[in-house]
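In: Sequence and predicted structure, then a few things I'm wondering about:
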Amino acid sequence: MCMYTLQRIEQAEQLVKKSRFLATAGPVQDEHAARAFIRDHSHSGANHNCWAWRTGTTYRFSDDGEPGGTAGRPILQAIESQSLDNVAVVVTRWFGGVLLGTGGLARAYGGAAASCLRAASLIEIIPSRALALRVGFSDLSLVMARLASAEDVTILNEAFFDSGAEITAQVPECLFEELCERLIDATSGRIEMLADGSAQ
């Protein structure tokens with residue numbers, strides 16, 4: 001199943017029975033970034049700043065003083081229902097004087113988050129691994145050309161030494177084995193594959 005993240009920070013606002021709900025969603029790489037996003041997009045003058053985030057298999061959510069299960073979980077469900085990952089959402093509420101009840105709160109928080117996420121520009125997350133290799137100068141230009149021509153491959157680092165270079169590249173998971181075989185064939189086995197990185 002394809003997973004997506006947000007291209008940039010998005011916002012959407014809704015008014016529900018005089019309460020104002022402001023949803024702010026953005027891309028995050030890890031838990032540290034998610035917590036920073038929540039901190040930076042919470043409003044101190046509001047009644048509640050409820051939130052949820054997901055990065056890979058890790059997720060967290062908070063009702064921030066609302067009745068249990070009425071805010072954080074509906075926000076997380078909005079993220080999951082749209083096949084999103086590496087995303088954090090803060091829904092801020094300014095109370096308008098009318099009680100919404102638990103069902104009304106869940107619909108308002110989840111609805112604000114879903115509305116914001118539906119309007120967002122998405123980019124597909126392509127699972128990848130780090131490939132580290134050592135190559136002599138005689139094969140360096142050939143290897144660099146092969147890496148450059150492969151789709152969605154990014155060179156992360158190049159280190160040169162007396163007889164050649166060590167190169168680290170980020171390679172899509174689905175292309176990893178094939179690209180390794182092509183590089184070995186192209187250099188007649190003269191290339192040395194170092195320990196590869198784990199899946200990202």
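Out: The structure has been received and is ready for your questions.

In: Report all helices and strands that the lowest-mean-pLDDT helix or strand in the chain contacts.
Out: In the chain, no helix or strand scores lower on mean pLDDT, DSSP states H and E than strand 122-125, which sits at a mean of 82. Packing partners of strand 122-125 (3 or more C-beta pairs under 8 Å, 6 or more residues apart in numbering; DSSP states H and E): strand 3-6. Backbone N, C-alpha and C define where each C-beta goes, glycine included.

In: Can you list the helices and strands that the strand it packs on packs against?
Out: Checking 3+ C-beta pairs under 8 Å, 6+ apart, strand 3-6 ends up next to strand 19-27, strand 122-125.

In: At which residues are the helices of this protein located?
Out: Using DSSP state H, the helices of the chain run over 31-40, 72-81, 101-118, 137-149, 176-186.

In: Of all these, which one comes closest to A52?
Out: Across those, A52 has its closest neighbour in helix 72-81 (3.8 Å, C-beta to C-beta).

In: if I read this right, Q29 contacts D85, doesn't it?
Out: No: checked against C-beta atoms under 8 Å, the pair Q29 and D85 is beyond contact range at 10.6 Å.

In: so what sits against both of the two?
Out: Shared contacts of Q29 and D85 (C-beta atoms under 8 Å, 6 or more residues apart in numbering): T55.
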